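here is a sequence together with a model predicted from it:
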Amino acid sequence: MSRLIEQPGWNWNPLRGVLAASLAMTLAVAGSTASGSDEAAIRRATEQAAAGQYLQAAATLAPVLDDEAASNEALEIAFDAQLAAGALNQAAITLDRLTQRHAGKPTAAIVLVRQARLQLARGEVEAASDTLKTALAQVEKTAESALEIAPVEVELGYVELTRGDLDKAEAAFKNAIRRLDDEHAKYHELNIDHDHDAFFTADGTAGLAFCRAAREDIKGAERLFKRAVARPEVSPQALLLAWRFFREGGETRQALAAQAEHRLIKLAQTLPEARRALIWVLIEQGGSDNLKKARDLGLDLIKGRRDAETLVALAMAQHASGQTAQAAELVREALASNFRDARLLEACAQVLEAAEDKATANDLRARAKSLAPRVAAK
C-alpha cells in the first residue's frame, strides 16, 4: 500500500466547487431573485466567504433568511457558508428550503449535490453516495453536455474514496474523464470552435492518480498527477495529494513536489481551502518554523470556520508543536460532527493517544481502518 494512502488529512473537502459553471449558474438564476434591499447583504456575505470568513458570512445573511421569500442566491450562499463554518444544523434548515424551491425542476440535481455534501460532513457517507448517484441520474437526463455531468461524477468518485471503495471511486473518475474525452472528440470531428481546457478535469485526473497509487501503479499515478498539477484549474486538495505522492520519490519527483507546493502557496494567497491544505504540508515537512506557520494558519482559519477538517488540521499542528491539551480540545469538538473519514479519524487518534485517552484513540483507529481505501483482491 502506498504511503500516500496512509497519510492523515487527505480527505476531499465538499466545498471544493467542482460543479460546472453552467450548472451553478442555472441554479443561481432559477426561481426567486434577490430584492434590492438584500443585494448588499449578499455581496457582503460573498466577499466574506471568499475570504474564508464563513461564520461571518452566515451571520450577515441571517436577517435575509428570516424572510420566507429570501432569494435562491441568498439561500445558496448561506448554505455553503454554514456548511464550511461547521454549522450543520443551520445548513440542514437552509437545504430544506432549497429542496422545496427546486423540487421537480432540473436544478433539483444540484440541490442533491449540496445535500450529499452535508451528509458527508455528518458522516453519512453511504447516504451521500446514494444521493450523488440520484443526482447523477437526473443530470444525465437533463444535461446538454458532458461538462454538466462529469463534475457530479467526480464528486461521486471522492465520496466513494471516503467510503473506502477504491473500485467504485476509480470507475467514477474514469467515467467522468471518458465523457469529457468523447465529447471533446466530437467537437473536433465537427470542426466546432471550443475551449479545449474545459474538457479536462484536473480533480478527476488527480482522483484517478490517487487510485493508481493505491494499487501500486506508481508510473500511472505519476503520469496522471503530473497532468493534474499542470492545469490552472487544479484544486488545492488535488495539489496536496500530488505533493504527498511526489515527495516520496527521487530527485525528479522532488522537483514536481516543489512545483505542487509552489502552486499551493500561490493559491493560499486567495483561497481559504489552499491555506488549510498548506497546513498539512507544513506539518509533514516538520521543523519549528513550519510548525509555527501551520499553527498561525490554523488559528487564523478558525476565526471564520469551525468545521471538522479545519479543526483537525489545527489540532495536528498544535500536537506536533507539543500543545497536546489544546489539540485534544479541538479534536473533541471536531468529533462531535460524527464525520467519517479515515485520515482525519487517524489524526484524531494520534492526538487523543498523546492526551492519554487511549480508549477513544483505539476506537477511532478501528473506525478509520474500516473506512480506509480498499484495494480489490487480484
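Received it, and whenever you're ready, just let me know what you need. Everything numeric in this text was worked out from a predicted model, so none of it was measured. Numbers count the residues shown, from 1 in each chain.

which helix is the longest one in the protein?
Criterion DSSP state H: the longest helix present in the chain is helix 166-189.

so which elements touch that one?
helix 146-163, helix 202-214 (3 or more CB pairs under 8 Å, 6 or more residues apart in numbering; DSSP states H and E). Placement of C-beta: from N, CA and C, glycine included.

for residue 355, find the nearest of those helices.
Taking CB to CB, helix 146-163 is the member of the helices and strands packed on helix 166-189 nearest to residue 355, at 25.8 Å.

distance between that closest one and the chain's centre?
Remark: helix 146-163 is offset 11 Å from the chain centroid, using CA atoms, centre = their mean, to the nearest Å.

coming back round to it: dump the helices and strands packed on helix 166-189 to JSON lines, plus mean pLDDT, distance to residue 193 and mean neighbour count.
As requested, the helices and strands packed on helix 166-189 are arranged in JSON lines below (pLDDT from 0 to 100; distance: least, CB to CB, whole Å; neighbours: other CB atoms under 10 Å):
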{"stretch": "helix 146-163", "mean pLDDT": "95", "distance to residue 193": "15", "mean neighbour count": "26"}
{"stretch": "helix 202-214", "mean pLDDT": "96", "distance to residue 193": "22", "mean neighbour count": "26"}
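
so which of those helices gets nearest residue 112?
Each of these has some distance to residue 112 by CB to CB; the shortest is helix 146-163, at 8.8 Å.

please save the CA atoms from that closest one in PDB.
Coordinates of each C-alpha in helix 146-163 appear next as PDB, following Å, rounded to 0.1, in the frame of the first residue of the first chain:
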ATOM      1  CA  ALA A 146     -20.700  16.200 -20.600                       C
ATOM      2  CA  LEU A 147     -19.400  19.400 -19.000                       C
ATOM      3  CA  GLU A 148     -22.500  19.400 -16.800                       C
ATOM      4  CA  ILE A 149     -22.400  15.600 -16.000                       C
ATOM      5  CA  ALA A 150     -18.700  15.000 -15.300                       C
ATOM      6  CA  PRO A 151     -18.300  17.300 -12.300                       C
ATOM      7  CA  VAL A 152     -21.100  15.400 -10.500                       C
ATOM      8  CA  GLU A 153     -19.400  12.100 -11.300                       C
ATOM      9  CA  VAL A 154     -16.000  13.400 -10.000                       C
ATOM     10  CA  GLU A 155     -17.800  14.400  -6.800                       C
ATOM     11  CA  LEU A 156     -19.100  10.900  -6.500                       C
ATOM     12  CA  GLY A 157     -15.600   9.500  -7.000                       C
ATOM     13  CA  TYR A 158     -14.300  11.300  -4.000                       C
ATOM     14  CA  VAL A 159     -17.300  10.200  -1.800                       C
ATOM     15  CA  GLU A 160     -16.500   6.600  -2.800                       C
ATOM     16  CA  LEU A 161     -12.900   7.200  -1.700                       C
ATOM     17  CA  THR A 162     -14.200   8.400   1.600                       C
ATOM     18  CA  ARG A 163     -16.300   5.300   1.800                       C
END
